[in-house]
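**Student:** any chance you can model this:
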Amino acid sequence: MGDLSLLAVEHPRLRELEIVRSYFERVDLNWLPELRTLTFSSWMSVHDPLSFCYIPLLHTVRLSNTALSSHKVLKLSEFLGKATVSNLHLGFESEKIWVKPEDPRELSQVFSKLRIVNLAAISEECDLTWTVFVLQGAPSLEELCIRVCDCLGIWDEDQRKDLAYSEERKDLDAKWEASDFKHLKLSVLRIFGFQSKVKFVDYITTVMEAAVNLKDIYLHEKPACEEKCEYNRQRGDRFPKSRKQKILVRNNLDMHMRPLLRLHFRF
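**Tutor:** Okay, the predicted model is just below:
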């Protein structure tokens with residue numbers, strides 16, 4: 001519902017709000033003094049689909065969208081406004097990355113209380129280095145979860161054109177070069193849909209070098225989809241299952257240099 005109209009939300013006791021398949025031009029969260037959890041997914045607006053005003057207790061935000069070529073790439077420092085959340089979920093539905101990597105100084109307010117981040121349904125086409133901007137901008141982050149999956153993607157070119165999906169690389173607007181920084185709080189890194197590819201190993205190495213107190217790395221075979229999905233059956237044997245393959249991954253990550261860091265393989 002919405003039909004490109006504006007919706008202003010005010011309520012003295014509302015604690016959880018979920019808006020799915022919104023046709024609103026924008027939803028203004030004006031006055032919600034008790035709101036803790038917000039879920040907002042599948043919006044049609046080509047501008048900022050939400051505005052955050054007075055939401056002092058908000059701690060969990062889940063945003064998911066299949067970004068079309070017309071959708072705006074959002075800057076979280078501007079989009080989240082004065083909201084300071086502790087749990088952030090961003091879902092990309094195997095399409096273009098709709099957030100813009102930003103300098104940590106720009107993110108200092110909105111990311112100041114961030115503890116858990118889940119970046120879901122990132123297309124295999126995408127590089128993963130851009131996600132480091134979240135780690136660099138959130139000094140209190142304790143757990144980072146990356147989910148790589150193309151099971152939601154549409155590959156037929158005519159269908160993609162009819163649906164106005166982006167014809168450019170899905171990470172075109174998500175370029176980031178991590179500088180030499182140290183993160184003191186991150187203790188857990190999870191990667192779903194892990195593959196024995198250079199880009200995965202390089203990404204984990206980057207996080208390991210930055211997160212000096214990292215304790216556990218969990219590498220999951222299954223991506224962020226159902227166990228019986230068609231994509232799962234077609235992706236081949238690219239997850240290290242044999243002892244030899246696991247040792248190779250450990251060696252590529254130079255795990256012997258971090259004896260207190262634990263590497264877990266999850267099927």
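
**Student:** just how off-centre is stretch 49-66 within its chain?
**Tutor:** In terms of CA atoms, centre = their mean, to the nearest Å, the centre of stretch 49-66 is found 15 Å from the chain centre.

**Student:** kindly report the same for stretch 241-252.
**Tutor:** For stretch 241-252 - counting by CA atoms, centre = their mean - the centre lies 27 Å from the chain centre.

**Student:** tell me which residues in it are buried?
**Tutor:** 246, 249 (16 or more other CB atoms under 10 Å). Every residue, glycine included, has its C-beta placed from N, CA and C.

**Student:** and the contacts of that stretch?
**Tutor:** Defining contact as CB atoms under 8 Å, 6 or more residues apart in numbering, one finds that stretch 241-252 is touched by 196, 201, 219, 221, 240, 256, 263, 265, 267.

**Student:** so of those, which ones are in helices?
**Tutor:** Members of the contacts of stretch 241-252 lying in helices (criterion: DSSP state H): Val201.

**Student:** for the contacts of stretch 241-252, which one is nearest Thr84?
**Tutor:** Leu219 (31.1 Å; CB to CB).

**Student:** so the closest one touches Ile191, yeah?
**Tutor:** Yes - using CB atoms under 8 Å, Leu219 is in contact with Ile191, at 5.6 Å.

**Student:** can you list the buried residues in stretch 48-67?
**Tutor:** Those would be 48-50, 52, 55, 58-67, for stretch 48-67 by 16+ other CB under 10 Å.

**Student:** what mean pLDDT does it get?
**Tutor:** Averaging pLDDT along stretch 48-67 gives 96.

**Student:** swap in stretch 255-267?
**Tutor:** 93.

**Student:** show me where the protein has its helices.
**Tutor:** Under DSSP H, the chain gives helices at 76-79, 104-107, 132-137, 157-162, 198-210, 230-234, 243-252.

**Student:** where exactly do the strands run in the chain?
**Tutor:** Using DSSP state E, the strands of the chain run over residues 6-10, 16-22, 26-31, 37-43, 50-54, 60-64, 87-91, 116-122, 143-148, 188-192, 216-220, 262-266.

**Student:** packing partners of the third one?
**Tutor:** Going back to what we said before, that points to strand 26-31. Packing contacts for strand 26-31, counted by 3 or more CB pairs under 8 Å, 6 or more residues apart in numbering; DSSP states H and E, involve strand 6-10, strand 50-54.

**Student:** got these as a markdown table, with distance to Thr131 columns?
**Tutor:** As requested, the helices and strands packed on strand 26-31 are exported to a markdown table (distance: least, CB to CB, whole Å):
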| stretch | distance to Thr131 |
| --- | --- |
| strand 6-10 | 30 |
| strand 50-54 | 22 |
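
**Student:** the residue nearest to Leu260 when sequence neighbours are not counted - how many residues pack around it?
**Tutor:** Using CB to CB, 6 or more residues apart in numbering and skipping the chain neighbours, the partner closest in space to Leu260 is Lys215 (7.2 Å). Lys215: 13 surrounding residues under other CB atoms under 10 Å.
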